[in-house]
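Colleague: no sequence for this one, just the structure:
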């Protein structure tokens, strides 16, 4: 017998942010076992999947993993497998809205987000020109931690 006051889960359509998906009480097929195995085995990944197949949501989930957002992963495989106190700076860039810009450099300067602990920084907080390797070096110098770089909608 179902309890009447229990909130029904929703089917998430078009939600690309993991935090939003979880806080809206939406259904989620747990992919954290696969992600956990990927993250502990190698250094670089190129995820290629068909359109509308969850790439943005997966990158969002990885972003929150490295930011130490443990409570978002409460009912997932990775919840008790990862030390969420070990956080890393995350550089996140999505080219989803690039068609609104003509100048790629201006777009990157406006849209690139750098997450360090509980703050969000812009590119100009670290470097004048866009050089991903140099940016990662500067962030590492500031934090002493390995930098995670996530690029979405690269095509």
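Modeller: Cool, the structure landed. None of the values given here were measured: they were computed from a predicted structure.
Colleague: What confidence value was assigned to residue 48?
Modeller: Looking at residue 48, its pLDDT reads 68.
Colleague: Which helix or strand lies directly C-terminal to the worst-scoring helix or strand of the chain on mean pLDDT?
Modeller: In the chain, the helix or strand scored least confidently by mean pLDDT, DSSP states H and E is helix 104-111, which has a mean of 79. Going down the chain from helix 104-111, the next helix or strand is strand 113-116, by DSSP states H and E.
Colleague: Run the chain-centre distance for whichever helix or strand comes after that following strand.
Modeller: Sequence-wise, the next helix or strand downstream of strand 113-116 (DSSP H and E) is strand 119-121. Offset of strand 119-121 from its chain centre (Cα atoms, centre = their mean, to the nearest Å): 14 Å.
Colleague: quick one: low-confidence ranges for the protein?
Modeller: 1-6, 42, 47-53, 97-98, 100-101, 154-155 (pLDDT under 70).
Colleague: Tell me where the chain has helices.
Modeller: With DSSP state H applied, the chain shows helices at 18-23, 32-41, 55-66, 104-111, 132-143, listed in chain order.
Colleague: on that earlier part again, next one: the least confident helix or strand of the chain to chain centre, how far?
Modeller: Using Cα atoms, centre = their mean, the offset of helix 104-111 from its chain centre is 19 Å.
Colleague: got the buried residues for it?
Modeller: Under the neighbour-count criterion of 16 or more other Cβ atoms under 10 Å, helix 104-111 has 107, 108, 111 buried. To be clear about C-beta, it is placed using only N, CA and C from the backbone, and glycine gets the same treatment.
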